[in-house]
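In: following is a predicted model, sequence given first.
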Amino acid sequence: MQLHKNGYEPRTWAVALTALMISLCGCGSGPGQQGAPPVPEVATVTIEPQQVELTTELPGRTSPYLVAEIRPQVNGIIQKRQFREGSDVKAGQLLYQIDPAPFKVALDSAKASLGKAQANLPSVRSRAERYKELLVDKAVSRQDYDDAAATVGQARAEIEYWKAQVEAARINLGYTRVIAPISGRIGKSSVTDGALLTAYQATTLATIQQLDPIYVDVTQSSAELLRLKSNLESGRLNANGKNGKTVRILLEDGTPYPLEGTLQFREVTVDPTTGSFTLRIVVPNPKHLLLPGMFIRAVVKEGVNDQAILMPQQAVSRDHKGNPTVLIVDAEGKVQQHMLTLDRAIGGQWLVSSGLASGDRVIVEGMLKVRPGMTVKVAPFNDKKTRPGSEAEAAGQAPAQAN
């Protein structure tokens, strides 16, 4: 084997020189020799109008269906309270017994006076009849007859007076039994046995509230009412008939109430301080789950939109002015930006008033990789599975529903 004068074999030099030439040829290739960048892939949903029932969630409070404040109608001393505080009472049930003794005496006295007046009537009436016969023969003067006739009239009037006194005494005796005017739940008693009562006093003895059914009073702004009327008149909403009067109730903790209420009426005036008016709803309450003064939310049905356009909320972005925008893919596969007018959120979707039409393909995933004018590859959106490369976009976005 021959060695180079530097001690290297000639064949080794040949291999090294060949490798160097290949490397120099590779470095000399220009940009045109690289492959074209891949077409970005986006996930889209196709807009299809659908029928949607629109509702409004309004705050409100419950109030009793009927309220009766119990007050005495006669003066007297309470002998016995006849109910348990916080219990349910029936209409006509005895609540308090006032000492009836003085009123029984007054009734007996009035009856005796009535009997006396009735006993006096036959005598004066007979005298007047005899004077009338004697007047024909001029055996008595005309004045004597007139006096006798007047006495009869006075006797009859006295009878009627004492009849009224008897009835008044009987009524007052009945008022010594303080009874429940309505059925419902009675609260605490403000008096005890032995308390002195005054007729029609300002302080109530107790309060009865009917809780089944119960009222729910909610407030709605007058602006919302005008918007609803405008949508109904323009045809964007259809009245929901009898179903439009049914209302769902949400409790304070957000739990749905099991029974639906019925919209009874809308107030005819607007509160000038708040710009709102009241809607009254009647709700069945057989288990007394709803109590007066409780805060609730009522889901009131507005109507039905037969051509509603819904789209996932994560597809909507905002420009520098805060206006909602969306990216769509046109028929040529290019990206376009549309300005939107949004009505409200329904679940995880937006209800779109304008800016989209039936058949538009809206980009839901891959928005950060594209811009208007770019050509993209379209794939159907699957909200149950996150597509590769969409994790960065999905961060911070609200969960969407499939369209």
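Out: That came through fine.

In: where along the stretch 301-403 of the chain do the helices fall?
Out: Secondary structure of the stretch 301-403 of the chain (DSSP state H, counting those that start in this stretch): helices at 391-394.

In: sorry, that was for the chain
Out: For the chain, the helices defined by DSSP state H cover 10-27, 101-136, 142-175, 222-234, 391-394.

In: what bridges to the spatially most central residue of the chain?
Out: For the chain, the residue nearest the mean C-alpha position is A298 (2.9 Å; C-alpha atoms, centre = their mean). On the basis of DSSP bridges, A298 is bridged to L58, I249.

In: who are the contact partners of it?
Out: E57, L58, G60, V216, V218, V247, R248, I249, L250, G261, L279, I281 (C-beta atoms under 8 Å, 6 or more residues apart in numbering). C-beta coordinates here come from the backbone N, C-alpha and C atoms, glycine included.

In: let's see that with 7 Å instead.
Out: L58, G60, V216, V218, V247, I249, I281 (C-beta atoms under 7 Å, 6 or more residues apart in numbering).

In: count of neighbours near the nearest residue to the second one once chain neighbours are set aside?
Out: The shortest distance from G60 to any non-neighbouring residue, by C-beta to C-beta, 6 or more residues apart in numbering, is to V218 (3.1 Å). A count of neighbours around V218, defined by other C-beta atoms under 10 Å, yields 22.

In: ok, now how distant is V218 from Y65?
Out: Separation of V218 from Y65 (C-beta to C-beta, to the nearest Å) stands at 16 Å.

In: same question, H320
Out: To Y65, H320 is 54 Å away according to C-beta to C-beta.

In: who has more neighbours, these two?
Out: Y65 (18 against 5).

In: ok, now which ones touch that one?
Out: Residues near Y65 by C-beta under 7 Å, 6+ apart: Q210, P213, I214, Y215.

In: reformat those as TSV; add distance to G92 and pLDDT.
Out: What follows is the contacts of Y65, written out as TSV (distance: C-beta to C-beta, whole Å; pLDDT from 0 to 100):
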residue	distance to G92	pLDDT
Q210	14	95
P213	21	93
I214	22	95
Y215	24	94
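
In: out of these, which sit inside strands?
Out: Applying DSSP state E to the contacts of Y65, the entries found in strands are Q210, P213, I214, Y215.

In: count of neighbours near the second one?
Out: Counted with other C-beta under 10 Å, the neighbours of P213 add up to 19.

In: likewise R280?
Out: By other C-beta under 10 Å, 17 other residues sit near R280.

In: wait, doesn't it sit right on Q264?
Out: Yes - counting by C-beta atoms under 7 Å, R280 touches Q264, with 4.8 Å between them.

In: put the alpha carbons of stretch 358-376 into CSV.
Out: Extracted C-alpha coordinates of stretch 358-376, given in CSV (Å, rounded to 0.1, in the frame of the first residue of the first chain):
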residue,chain,number,x,y,z
SER,A,358,-78.5,29.9,4.4
GLY,A,359,-75.7,27.8,3.0
ASP,A,360,-72.8,29.9,4.3
ARG,A,361,-69.9,27.9,5.6
VAL,A,362,-68.7,29.4,8.8
ILE,A,363,-65.2,28.7,10.1
VAL,A,364,-65.3,27.4,13.7
GLU,A,365,-61.8,26.0,14.1
GLY,A,366,-58.6,27.1,12.4
MET,A,367,-59.4,30.8,12.4
LEU,A,368,-56.0,31.8,13.7
LYS,A,369,-54.2,30.1,10.8
VAL,A,370,-56.1,32.0,8.0
ARG,A,371,-56.9,35.5,6.9
PRO,A,372,-59.4,36.9,4.3
GLY,A,373,-58.5,36.0,0.7
MET,A,374,-56.6,32.8,1.6
THR,A,375,-57.5,29.5,0.0
VAL,A,376,-58.3,26.8,2.6
